[in-house]
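J.: How does the following fold in three dimensions:
(2 chains)
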Amino acid sequence: MHPMIKPFTIVMLALASMVGTAGIVTYEAGAVRISVHEKKPGGDHVRLIVPAVLVPLGLHFVPAKQLHKNAAEIRQWLPALKAASQELEHCPDATFVEVKGPDENVGIRKSGDSLVIDVDDPGETVHVSFPLRMVTAAVRQLEAGNPPA
Amino acid sequence: MKQALTVVMGLLLAAATAMAAAPPDRWLHVSVVSADGKGETVHINLPMSLAEKVLPAIHNNDLREGKVRIHGHCDEVDLRAIFDAVRAAPDNEYVTVKNRDEDVRVAKSAGNLLIKVREKHGKTENVEIKVPMPVVEALLSGGADELDVVAGLRALSAQGDIELVSVSDESETVHIWTDTRSSSER
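T.: Okay, the predicted model is just below:
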């Protein structure tokens, strides 16, 4: 065996295991899915799928000034948001809110580990889903960024 | 070995019994059905355990630690004394108001506090509220000027399926009830 092959193999194996671990973590954390479909002729159809693991990480890059701007207002809702997301994780799948009308249909439901929000009105169809664990992680991140005064 | 097996079997049996005895999740439902031609409907289904966990975490205006502050002259009226008197009294209709515009009845019946309002002026509206007495007691378990909503929810969870509020008029019907189903089907 060429003397360079062994270190190269080790490096490649390490990289492969890192990529594999990152893939597993990303898969386990789930994804945030956003879809907006404008109904007007030639309207936009935007689809966005973001690994949920990136959302709490992304909060690191929000300027502290922005986070502290409405700190008091944000902070008062964080415990409720955390309690809700933690409790919802244990809830069975269900539709929590269903509004059906001539102009608009709205649904908020839990499906698996995710919270799903659907809005359908004459102008557009919006679908948002995100893993509940992501909310808990994001709230922890916001709590760290908004310590009590 | 036999002793260890007996312990494991005992633990499994205890766990199975605990799971079997665990009460099913109770759900609070709100249903609004419009009676006009548009046919708008709103259904809200909330696990009561969720409300019990989230409410104490909200600190906003008059809602703190799961308790709602009542404004007014609460110090002049001892709600708990009134409740104790009603609880100890036999089933009866305690308040009856009848006038040109509305009929109001407040009664105690089969362990429930019943409030019925029938508006006659203009459009006809019927409101029926049924609250189990233990729930009223729990609601009044806080300070003199507050309602302990979380204690009320816990007491409500211990009750069976119950229709709490029913409102009907020409434009819509509203129902609020609890059961063990996660959907609004009744």
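J.: alpha carbons only for contacts and neighbour counts from here, please
T.: Noted.
J.: Need the pLDDT of residue 68.
T.: Going with chain A. pLDDT, residue A:68: 67.
J.: ah, I was thinking of chain B
T.: pLDDT at residue B:68 comes out at 91.
J.: and the helix or strand in which it is found, does that touch chain A?
T.: Residue B:68 is part of strand B:67-69, with elements assigned from DSSP states H and E. No - against chain A, strand B:67-69 shows no contacts by C-alpha under 8 Å from any C-alpha of the partner chain, the least distance being 14.4 Å.
J.: pretty sure residue B:153 belongs to a strand, no?
T.: No - read with DSSP: H, G, I helix; E, B strand; the rest coil, residue B:153 is helix and lies in no strand.
J.: Quick check, it in contact with residue B:52.
T.: Yes - assessed by C-alpha atoms under 8 Å, residue B:153 is found in contact with residue B:52 at 6.7 Å.
J.: looking at it, residue A:114 is touching residue A:134, isn't it?
T.: No - counting by C-alpha under 8 Å, residue A:114 stays clear of residue A:134, with 9.2 Å between them.
J.: after the lowest-mean-pLDDT helix or strand in chain A comes which helix or strand?
T.: Lowest on mean pLDDT, DSSP states H and E among the helices and strands of chain A sits helix A:64-69, with a mean of 68. Once helix A:64-69 ends, the next helix or strand along the chain (criterion: DSSP H and E) is helix A:71-90.
J.: does any bit of that next one sit next to chain B?
T.: Yes - Helix A:71-90 comes into contact with chain B (C-alpha under 8 Å from any C-alpha), by way of A:76, A:77, A:79, A:80, A:81, A:83, A:84, A:87, A:88.
J.: give the contact list for residue A:105.
T.: Neighbouring residues of residue A:105 by C-alpha atoms under 8 Å, 6 or more residues apart in numbering or on different chains: A:98, A:99, A:118, A:119, A:120, A:121.
J.: 6 Å instead, please
T.: Contact analysis of residue A:105 by C-alpha atoms under 6 Å, 6 or more residues apart in numbering or on different chains lists A:99, A:119, A:120.
J.: Near chain A, which residues of chain B are found?
T.: B:38, B:40, B:41, B:42, B:43, B:44, B:45, B:46, B:50, B:54, B:57, B:58 (C-alpha under 6 Å from any C-alpha of the partner chain).
J.: where exactly do the strands run in chain B?
T.: B:27-34, B:41-47, B:59-60, B:63-64, B:67-69, B:92-98, B:102-109, B:112-119, B:125-132, B:146-148, B:162-168, B:172-179 (DSSP state E).
J.: Dump these into TSV; add mean neighbour count as well.
T.: Below are the strands of chain B laid out as TSV (neighbours: other C-alpha atoms under 10 Å in any protein chain shown):
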stretch	mean neighbour count
strand B:27-34	21
strand B:41-47	21
strand B:59-60	14
strand B:63-64	18
strand B:67-69	20
strand B:92-98	12
strand B:102-109	16
strand B:112-119	19
strand B:125-132	18
strand B:146-148	21
strand B:162-168	18
strand B:172-179	19
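J.: between these, which one is nearest to residue A:59?
T.: Each of these has some distance to residue A:59 by C-alpha to C-alpha; the shortest is strand B:59-60, at 24.4 Å.
J.: Indicate each strand paired with the closest one and its parallel or antiparallel sense.
T.: strand B:63-64 (antiparallel) (DSSP bridges).
J.: quick one on the thing from earlier: strands - which of the contacts of residue A:105 land there?
T.: Using DSSP E, the contacts of residue A:105 in strands are A:99, A:119, A:120.
J.: From chain A, how far out is residue B:143?
T.: 23 Å (C-alpha to the nearest C-alpha, to the nearest Å).
J.: show me what contacts that residue?
T.: Residue B:143 neighbours (C-alpha under 6 Å, 6+ apart): none.
J.: what mean pLDDT would you report for the host helix or strand of residue A:130?
T.: Here residue A:130 sits within strand A:124-131, counting by DSSP H and E. Per-region confidence: strand A:124-131 scores 94 on mean pLDDT.
J.: try stretch A:11-28
T.: pLDDT averaged over stretch A:11-28 gives 73.
J.: buried subset of the ones in strands among the contacts of residue A:105?
T.: A:99, A:119, A:120 (16 or more other C-alpha atoms under 10 Å in any protein chain shown).
J.: check these against chain B, which are close?
T.: residue A:99.
J.: out of the buried ones among the ones in strands among the contacts of residue A:105, which one sits closest to residue B:63?
T.: Among these, and counting by C-alpha to C-alpha, the member closest to residue B:63 is residue A:99, at 26.5 Å.
J.: and that closest one, what are its bridge partners?
T.: Assigned bridge partners for residue A:99, using DSSP bridges, are residue A:106, residue B:42.
J.: Show the contacting residues for it.
T.: Contacts of residue A:99 (C-alpha under 6 Å, 6+ apart): A:105, A:106, B:41, B:42.
J.: how about low-confidence regions in chain B?
T.: B:1-24, B:73-76 (pLDDT under 70).
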